[in-house]
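Enquirer: here is a sequence with its predicted model. Questions after.
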Amino acid sequence: MTAVVGGLWVLFTYVDHQHEIERDAAAHAKQELQARWVEARRPFLERQFQAYLDATMLVGRIQNSNIDKPDWRTYIDSLWRLSFGELTLVGDARVVAMTQHFLSEVDKYEQTLRDHEPEQDKEAFDLFRAQARRGMTVARQELVLTLRKAIEKSWETSIEPVEK
């Protein structure tokens, strides 16, 4: 009887060990597959990340620049090209839409400055300019948040918010 129980114990231990080996092999295969998936996507993700960085840089330059500066139009034209070019190819659809929304707010700002002459009514002009600038600022904040979420989604990670 002891020999039978001992034999069953050996058989049970052997089968349990085989299952453990199979589970380890499956887990290793899954990790290997994930690593290959990331490596296959890496060139796209890097290109996407660079486009997002370029968009963020241009938006910041536009927001912090003055319409009177010669670089103002250069920054806007560069963002338009990025929006209808590289971002369309590698970007999230919401990022493209939010970039174009920001650019429409920039156009509104420029139109406001063209339509209202400061010499006529300085106080009204300042109010219109501040309202148009506010639209640009809100659109910039929405775009940056959208870019952050798109990066988190693409890279399957979480980015801690920056404390002010």
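Expert: That came in fine, so what should we check first?

Enquirer: so which elements touch the longest helix anywhere in the chain?
Expert: Assignment by DSSP state H gives helix 2-64 as the longest helix of the chain. Identification of packing neighbours for helix 2-64 by 3 or more CB pairs under 8 Å, 6 or more residues apart in numbering; DSSP states H and E yields helix 71-84, helix 86-90, helix 93-115, helix 122-155. For every residue, glycine as well, the C-beta is placed using N, CA and C.

Enquirer: now that helix and helix 93-115, what's the angle there?
Expert: Going by axes from the mean of the first three to the mean of the last three CA atoms, to 10 degrees, helix 2-64 is angled at 10 degrees with respect to helix 93-115.

Enquirer: what's the average pLDDT for helix 2-64?
Expert: Averaged over helix 2-64, pLDDT sits at 87.

Enquirer: just stretch 106-124 next, same as before
Expert: Averaging pLDDT along stretch 106-124 yields 81.

Enquirer: distance between the ends of it?
Expert: From its first residue to its last, stretch 106-124 covers 19 Å (CA to CA, to the nearest Å).

Enquirer: run the chain-centre distance for that stretch.
Expert: Centroid separation for stretch 106-124 versus its chain: 33 Å, with CA atoms, centre = their mean, to the nearest Å.

Enquirer: ditto for stretch 53-70
Expert: From the chain centre to the centre of stretch 53-70 is a distance of 18 Å (CA atoms, centre = their mean).

Enquirer: pull out the buried positions in that stretch.
Expert: Buried residues in stretch 53-70, counted by 16 or more other CB atoms under 10 Å: 55, 58, 59, 61, 62, 63, 65.
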